[in-house]
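*Asks:* pasting the sequence and the predicted model now:
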Amino acid sequence: MSDERSYKPDWAPEDGGDAFAVKVMRGIEGGHDGLPSGRIEGSGSRISKRRQRLDTEDYVDGVLHNHRPILARTITLIESNCAEHYDQAREVLAQLQPRAGRSIRVGITGVPGAGKSTLIEALGLHLVHQGHKVAVLAVDPSSSVTGGSILGDKTRMEKLSQQENCFIRPSPSGGTLGGVTRKSRETILVCEAAGYDVILIETVGVGQSEITVRSMVDFFLLVMISGAGDELQGIKKGVIEIADALLVNKADGANKIKAQVACAEYAMALKYLTPATRGWETRALTCSAITGEGVSEVWDMIREFREITGESGMFAQRRKEQAMAWVYSMIEDYLRETFYRNGDVRGLLSSLEGKVLDGSVLPTTAAEELLKVFYRSPVK
């Protein structure tokens, strides 16, 4: 074929023959997805266009006009661990801050398999049809072995992802504990500035440790399933103690009666616990994310919560607490990064590691020595 040529790659052995040949065939007109190709006028060559670098004004303007590609790139900029992105991300956030805060922030957590993604899609569709703009921040666990994440939550929300007034952003947890990412607060601010009035945050869902998300949301919903425990399990301290409502999902078909029984048990258990929000009585209810039964009642409950806490001043008070929690979180992040970037600490750490591993130095002693070196180092 005249449009076909072959060559041997650099790594092919000299006596490899045609078995290592690479054949290149002429492609179709346009890009691989049917879009126009990157042909430069007046040139016979085709190149792939590099993504244009954005300045701070581009990011801010794109977010304020809800330009989704730029909104996604802004979140990527904020989530970046690259030092050169930090100053620009901070400036972008500073300019977006005055346009943020006009939303209801809802944290949704639960054990794996409780149907959180399905519930969020059903609730999101209900909200979109009512005229709301919904942003879904789905946090996916990162592997402790490879550091990677599947980021498959958006795939589970196929119908919701097609809605014009919905933005779904999956993000890796990056090893951060508490069910959220290190930059979840900043991402919430960006989505609010883009005009989304309902922010749904789906946490990792590891069970009893979803504590951090409580400090960044207004309403905290715990999704349960029948058979996950009895009334005594509900009394146990942990994530149940900080929830504003318990929702027993999958209340459909043959499982409906079991779900109702479980809901009654949890409602009884809640009487022994202090409500997570002053002036609000923590509730237990059932729903089916598959059939949609009970989904509208969930939103009605959240709206009632917003009204009651707004009148009592608790909503505004919680927002102030969220702001201070953000401050403390930023301090902790800064101290951690400063500590491990310190040259004296890195030098001593490399020598102490072997001693800790062979048992000649206690971990507590090693930690104390590292902290002493850090405190003696000049501030940079």
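*Replies:* Happy to help now that I have it.

*Asks:* quick one: low-confidence ranges for the protein?
*Replies:* Residues of the chain meeting the criterion pLDDT under 70: 1-51, 140-155, 172-182, 204-210, 227-237, 379-380.

*Asks:* what's the domain layout of it?
*Replies:* For the chain, automatic domain parsing gives the domain ranges 100-315, 322-376.

*Asks:* which one of the ones you listed is the most hemmed in?
*Replies:* Among the domains of the chain, domain 100-315 has the highest mean neighbour count (mean count of other Cβ atoms under 10 Å), at a mean of 19. Quick note: C-beta positions are derived from backbone N, CA and C, even for glycine.

*Asks:* after the longest helix anywhere in the chain comes which helix or strand?
*Replies:* Once the chain is assigned using DSSP state H, the helix that runs over the most residues is helix 314-341. The helix or strand immediately downstream of helix 314-341 is helix 343-357, counting by DSSP states H and E.

*Asks:* ok now the longest helix of the chain, how far from the chain's centre?
*Replies:* The chain centroid and the centroid of helix 314-341 are separated by 17 Å under Cα atoms, centre = their mean, to the nearest Å.

*Asks:* pull out the CA atoms of stretch 364-374 and give them to me as PDB.
*Replies:* C-alpha atoms of stretch 364-374 as PDB (Å, rounded to 0.1, in the frame of the first residue of the first chain):
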ATOM      1  CA  THR A 364       9.900   8.000  69.900                       C
ATOM      2  CA  THR A 365      13.500   8.900  70.400                       C
ATOM      3  CA  ALA A 366      14.000   9.300  66.600                       C
ATOM      4  CA  ALA A 367      11.000  11.600  66.400                       C
ATOM      5  CA  GLU A 368      12.300  13.700  69.300                       C
ATOM      6  CA  GLU A 369      15.700  14.000  67.600                       C
ATOM      7  CA  LEU A 370      14.200  15.000  64.300                       C
ATOM      8  CA  LEU A 371      12.000  17.700  65.900                       C
ATOM      9  CA  LYS A 372      15.000  19.100  67.800                       C
ATOM     10  CA  VAL A 373      16.900  19.500  64.600                       C
ATOM     11  CA  PHE A 374      13.900  21.100  62.900                       C
END
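
*Asks:* residues touching it, excluding its own?
*Replies:* Phe339, Asn342, Asp344, Val345, Leu348, Leu349, Leu352, Lys355, Val356 (Cβ atoms under 8 Å, 6 or more residues apart in numbering).

*Asks:* the residue lying closest to Phe167 once chain neighbours are set aside pairs with what?
*Replies:* Of all residues not flanking Phe167 in the chain, Ala135 sits nearest, at 4.8 Å (Cβ to Cβ, 6 or more residues apart in numbering). Judged by DSSP bridges, the bridge partners of Ala135 are Phe167, Ile199.

*Asks:* got the contact list for Ala135?
*Replies:* Cys166, Phe167, Ile168, Arg169, Cys191, Ala194, Tyr196, Val198, Ile199, Leu200.

*Asks:* helix, strand or coil for Glu281?
*Replies:* coil (DSSP: H, G, I helix; E, B strand; the rest coil).

*Asks:* quick check, it in contact with Leu273.
*Replies:* No - using Cβ atoms under 8 Å, Glu281 is not in contact with Leu273; the gap is 10.7 Å.

*Asks:* which residues of the stretch 201-350 of the chain fall in strands?
*Replies:* Assigned by DSSP state E, counting those that start in this stretch, the strands in the stretch 201-350 of the chain fall at 219-224, 245-248, 283-286.

*Asks:* just checking, what packs against the first one?
*Replies:* Okay, so that is strand 219-224. strand 104-110, strand 245-248, helix 295-312 (3 or more Cβ pairs under 8 Å, 6 or more residues apart in numbering; DSSP states H and E).

*Asks:* what comes into contact with the second one?
*Replies:* So the one you mean is strand 245-248. Here strand 245-248 makes contact (Cβ under 8 Å, 6+ apart) with 119, 219-226, 234, 240, 259-260, 262-263, 266, 270, 282-287, 298, 301.
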